[in-house]
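# Predicted model follows, preceded by the sequence.
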Amino acid sequence: MLAILLEEYEAQLYTFGTPDPVDAILFRMEQQGLSARDLMPFLGSEKMVANVLSRKEPLTLEMIRALHVGLGLSANILIREYSATPT
């Protein structure tokens, strides 16, 4: 009974939402010690990397596929909507 109460308490106290795609990328970069330049094979030019990480450009399907395969990020997270203002 105590275990059930503890699980319910923790579930209420420590609920984590699903991150948006950019937050997931930034977290994976931190985990793996990657720099923005390391994302160039997945996102393209240095400018595009900067624009995606600053949410100025949305991820394209090609980028999502590359990040999924190259960094092992969940495609379900990468396809989520997030606020990005195309330039």
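Ah, there it is.
# Show me where this structure dips below the pLDDT cut-off.
14-16, 84-87 (pLDDT under 70).
# which SSE is residue 4 in?
Assigned by DSSP states H and E, residue 4 belongs to helix 2-13.
# Likewise for residue 25?
helix 21-32.
# and the nearest residue to residue 27 once chain neighbours are set aside, how many neighbours?
Nearest residue to residue 27, sequence neighbours excluded (CB to CB, 6 or more residues apart in numbering): residue 19, at 6.7 Å. For every residue, glycine as well, the C-beta is placed using N, CA and C. For residue 19, the neighbour count with other CB atoms under 10 Å is 15.
# close enough to count as contact, residue 19 and residue 77?
Yes - counting by CB atoms under 8 Å, residue 19 touches residue 77, with 6.4 Å between them.
# Give me the neighbour count for residue 72.
Residue 72 has 9 nearby residues by other CB under 10 Å.
# and it, what is it in contact with?
Applying CB atoms under 8 Å, 6 or more residues apart in numbering, we find residue 72 in contact with residue 28.
# distance of it from residue 31?
10 Å (CB to CB, to the nearest Å).
# In contact with the residue positioned nearest the centre of the chain, which residues?
The structure's the chain has its C-alpha centroid closest to residue 24; by CA atoms, centre = their mean the separation is 1.9 Å. Residues in contact with residue 24 (CB under 8 Å, 6+ apart) are 73, 74, 77, 78.
# Narrow those to those in helices?
77, 78 (DSSP state H).
# Now, of the contacts of residue 24, which are buried?
73, 77, 78 (16 or more other CB atoms under 10 Å).
# could you redo the residues you listed as a markdown table and give each row distance to residue 11?
Listed next are these as a markdown table, based on distance: CB to CB, whole Å:
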| residue | distance to residue 11 |
| --- | --- |
| 73 | 25 |
| 77 | 21 |
| 78 | 26 |
